[in-house]
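Visitor: Predicted coordinates and the sequence they were generated for:
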Amino acid sequence: MRRLRKIKIVATLGPASSDYNTIRALFEAGADVFRLNMSHGEHSDIAERHRIIRQIEEDTGRPIAILADLQGPKLRVGTFANGSEELSEGQDFRLDLDETPGDATRVQLPHEEIFAALEEGATLLVNDGKIRLKVKDYGADYANCTVAVGGTISNRKGVNVPDVELPLAALSEKDRKDLDFVCGLGVDWLALSFVQRPRDVDEARELARGRAAVLSKIEKPSAVKNFEAILEASDGIMVARGDLGVELPVQNVPPIQKRLVRKCRAAAKPVIVATQMLESMIESPMPTRAEVSDVAAAIYEGADAVMLSAESAAGSYPVEAVETMNNVAIEVENDPTYRDIINASRGGDKQTVADAIVSAAREIAETTDITAICCFSQSGTTATLVARERPHVPIIALTSMLGTARRLCLSWGMHCVHTGEVSRFKEAVINAARAARSEGFADATDQIVVTAGVPFGQSGTTNILRVAPCEERLIYATDPG
């Protein structure tokens, strides 16, 4: 199950991919992480998919990461007496708290928090931005608007408020129940929707109680504005381009994506680029050239992972979508330009011993005949620092913590191995050599770089590096300890 590319693939499960054979086929085609979308399906459906993934993990002997994506609060208009109405540019239209079914002049907006946060001139977007309203005046229970872009408005269409930071928590009551449920199942990552500020992340982390890592979805302008603080509070990031493209001008999204990916890499935290990557493959066995270029752009930027949503969850060609993404990644990463771009974008403020160790590991691998960098990591810190360097050789992450091995499956370049506990560095070197050989990365004549933190079991203590032969007899001969 050795991958021939460094970037990871996240595949969403759904009606088109809910049985053992299909999920196994997705994994074998290249999926490294499976996303459980909590917006769809009952808890029993989620539990069954989780069980199947863990069965495949046991059957293949490879750690697999599971990401549960929380829905977040959903802002929607109410209902219309006729089911829908046509709004014309320039007309007046009112949003209020009145539960009476709407007509061509008004409709309920059952979210008093929105009225509390509005400003004159603020924009309200309905139905993914197809309808655009400008606020003329407002009160605690209403907003009188002018229709800037008209169209058909119908029952319970979604509402976006891009201009203001809403006084809404990122976790609804449903999200809290879902969070506790999936943490009880044993997922590895929680994707948090509707993040606007770092305290949203703090709340989710407190509820998770260490049972899963927290990944923040960047899908609102306020999240972009507060990104540095959100990144610091998070274990990982998802650039959710769909909602970003609704709430921001679409031309703003590509440079934002590039900036966020670079900041995540500098912070040694995994970043997923998501939404509409191969969307035509929901119905077609072949993607468009533009979609392939979009996937390639994320790979060239150095993202840790790219994600499939409806393509693998509800599409007609879920396995083919993963295969396509896998093949694009292999082709891009074999392009000499890719390595030039990745090397040129290497940066970040490196001031610690751990920074120096992993940087040296990468430089040694680049200048000598090294086949892999093996890092022992209980918490995952050493491994993610190595991944930040984006070395050209494979990274083998060894850990006695199965949860860490699973979580690291989201990080760039990681081949994760669940191994036994070690108490001495020589044991670590021997285990690394065995793993490099058994996993197909080296033979007895090769050399590897081994990094670890001593004493073992303490997070953030990366402080030792050794270039070691892969033959155990030579390890004993060259290390009296």
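Guide: Now that the structure is in, tell me what you want to look at.

Visitor: residue nearest the centroid of this structure?
Guide: Among the residues of the chain, the smallest C-alpha distance to the mean C-alpha position (CA atoms, centre = their mean) belongs to residue 272, namely 3.6 Å.

Visitor: and that one, what helix or strand is that in?
Guide: strand 271-274 (DSSP states H and E).

Visitor: How about residue 442?
Guide: Going by DSSP H and E, residue 442 is not part of any helix or strand.

Visitor: How about the one 3 residues further on?
Guide: Residue 445 belongs to no helix or strand when elements are defined using DSSP H and E.

Visitor: Double-check it against residue 436; I have them as touching.
Guide: No: using CB atoms under 8 Å, residue 445 and residue 436 do not qualify as a contacting pair, with a distance of 11.8 Å. Placement of C-beta: from N, CA and C, glycine included.

Visitor: Mind listing the shared neighbours of these two?
Guide: residue 470 (CB atoms under 8 Å, 6 or more residues apart in numbering).

Visitor: More neighbours: those two, which one.
Guide: Summary of the neighbour comparison: residue 445 and residue 436, criterion other CB atoms under 10 Å, with residue 436 having more neighbours (27 against 11).

Visitor: Surely the more buried one is in a helix?
Guide: Yes: using DSSP: H, G, I helix; E, B strand; the rest coil, the secondary structure at residue 436 is a helix.

Visitor: all strands of the stretch 1-150 of the chain, in order?
Guide: If DSSP state E, counting those that start in this stretch is used as the criterion, the strands of the stretch 1-150 of the chain fall at 8-13, 33-37, 65-69, 84-87, 92-96, 106-108, 123-126, 131-139, 142-149.

Visitor: Could you check the angle the longest one makes with strand 142-149?
Guide: Relative orientation of strand 131-139 and strand 142-149, computed by axes from the mean of the first three to the mean of the last three CA atoms, to 10 degrees: 150 degrees.

Visitor: For residue 374, list each beta-bridge partner.
Guide: When bridges are assigned using DSSP bridges, the partners listed for residue 374 are residue 396, residue 450.

Visitor: Run a quick neighbour tally on it.
Guide: The criterion is other CB under 10 Å. On that basis, residue 374 has 31 neighbouring residues.

Visitor: Helix or strand: which one has residue 385?
Guide: Residue 385 belongs to helix 381-388 when elements are defined using DSSP H and E.

Visitor: what is the mean pLDDT for that helix?
Guide: Confidence over helix 381-388, taken as the mean pLDDT, stands at 93.

Visitor: could you say what helices and strands that helix packs with?
Guide: Of the remaining helices and strands, those touching helix 381-388 by 3 or more CB pairs under 8 Å, 6 or more residues apart in numbering; DSSP states H and E are helix 353-367, strand 370-376, strand 395-399, strand 447-453, strand 462-469.

Visitor: Of all those, which one is nearest residue 315?
Guide: Ranking the helices and strands packed on helix 381-388 by their distance to residue 315 (criterion: CB to CB) puts strand 395-399 first, at 31.5 Å.

Visitor: Dump the helix or strand following the closest one to PDB, keeping only the CA atoms.
Guide: Under the assignment DSSP H and E, the closest C-terminal helix or strand after strand 395-399 is helix 402-407. Below are the C-alpha coordinates for helix 402-407, written out as PDB (Å, rounded to 0.1, in the frame of the first residue of the first chain):
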ATOM      1  CA  LEU A 402      -2.200   4.100  16.800                       C
ATOM      2  CA  GLY A 403      -4.200   7.400  17.100                       C
ATOM      3  CA  THR A 404      -1.100   9.300  16.100                       C
ATOM      4  CA  ALA A 405      -0.400   7.000  13.100                       C
ATOM      5  CA  ARG A 406      -4.000   7.500  11.900                       C
ATOM      6  CA  ARG A 407      -3.900  11.300  12.400                       C
END
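
Visitor: by contact count, what packs against helix 402-407?
Guide: In terms of contacts (3+ CB pairs under 8 Å, 6+ apart), helix 402-407 is packed against strand 65-69, strand 414-418.

Visitor: what about the last one, average pLDDT?
Guide: Computed over strand 414-418, the mean pLDDT rounds to 96.

Visitor: Partner strands of that strand, with direction?
Guide: According to DSSP bridges, strand 414-418 has these partners: strand 395-399 (parallel).

Visitor: quick one, the strand it pairs with and strand 447-453 angle?
Guide: Between the axis of strand 395-399 and that of strand 447-453 there is an angle of 40 degrees, by the same axes, to 10 degrees.

Visitor: what residues does strand 395-399 touch?
Guide: Applying CB under 8 Å, 6+ apart, the set of residues contacting strand 395-399 is 372-378, 380, 383, 386-387, 405, 408, 411, 413-419, 428, 431-432, 435-436, 439, 441, 448.

Visitor: Just give me how far stretch 18-28 sits from the chain centre.
Guide: On the basis of CA atoms, centre = their mean, to the nearest Å, stretch 18-28 sits 20 Å off its chain's mean C-alpha point.
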